[in-house]
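Trainee: Structure for the following, please:
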Amino acid sequence: MSQQIGILDITRKAEKDLSSQQYHFVEMGGAAGQVDVCDAVGDLVLGVLQNKPNAANKLCTIRVMGTTKVVCSGTVTEMARVGTSADGKCVVKSTAADLVAGIALEAGVVGDIIEILLTPAAQRAA
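Mentor: Below you'll find the predicted structure:
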């Protein structure tokens, strides 16, 4: 039963078409003030894309505080520390080098949409 409770959403412009990336982790893009889906496991997560902007410069709604839905890239257990995969999806983070973006509030497998509690940026897993 994925739900989401938004405490703080921000808006930024999309770097490109992100219409198929709803509920993916996003980062600041290459162009000033624009966002793109995270594309490396070490990316600093800004938040989770809430809408489906269909072109560059369209407004993105990004959840940065509260709970949010995210798409799983692999098996995630309840209460696991999670962060981004190389395609902006949710994966478990467990080593000292891993950046954590949230805590899973429910379990899921590849393709599932689960609820996570977002945590402040740049936390380490261990």
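Trainee: Find me whatever residue is spatially closest to L59, sequence neighbours aside.
Mentor: Nearest residue to L59, sequence neighbours excluded (CB to CB, 6 or more residues apart in numbering): T11, at 5.0 Å. Every C-beta, even on glycine, is put in place using the N, C-alpha and C of the backbone.
Trainee: Identify the residues contacting D9.
Mentor: Listed by CB atoms under 8 Å, 6 or more residues apart in numbering, the contact set of D9 reads 47, 50, 61-64.
Trainee: Okay, it and G108: tell me how far apart.
Mentor: Per CB to CB, to the nearest Å, D9 is found 23 Å from G108.
Trainee: Check K16 too.
Mentor: Distance from K16 to G108, counting by CB to CB: 27 Å.
Trainee: got it, and V82?
Mentor: Taking CB to CB, one finds V82 at 10 Å from G108.
Trainee: picking up where we left off before, more neighbours: K16 and G108, which one.
Mentor: Per other CB atoms under 10 Å, whichever of K16 and G108 has more neighbours is G108, with 23 against 18.
Trainee: which residues touch that one?
Mentor: Applying CB under 8 Å, 6+ apart to G108 gives the contacts 72, 75-76, 90, 114.
Trainee: Over to V70?
Mentor: 23-25, 48, 82, 89-90, 102, 113-116.
Trainee: where does it fall, helix, sheet strand or coil?
Mentor: Per DSSP: H, G, I helix; E, B strand; the rest coil, the local secondary structure of V70 is strand.
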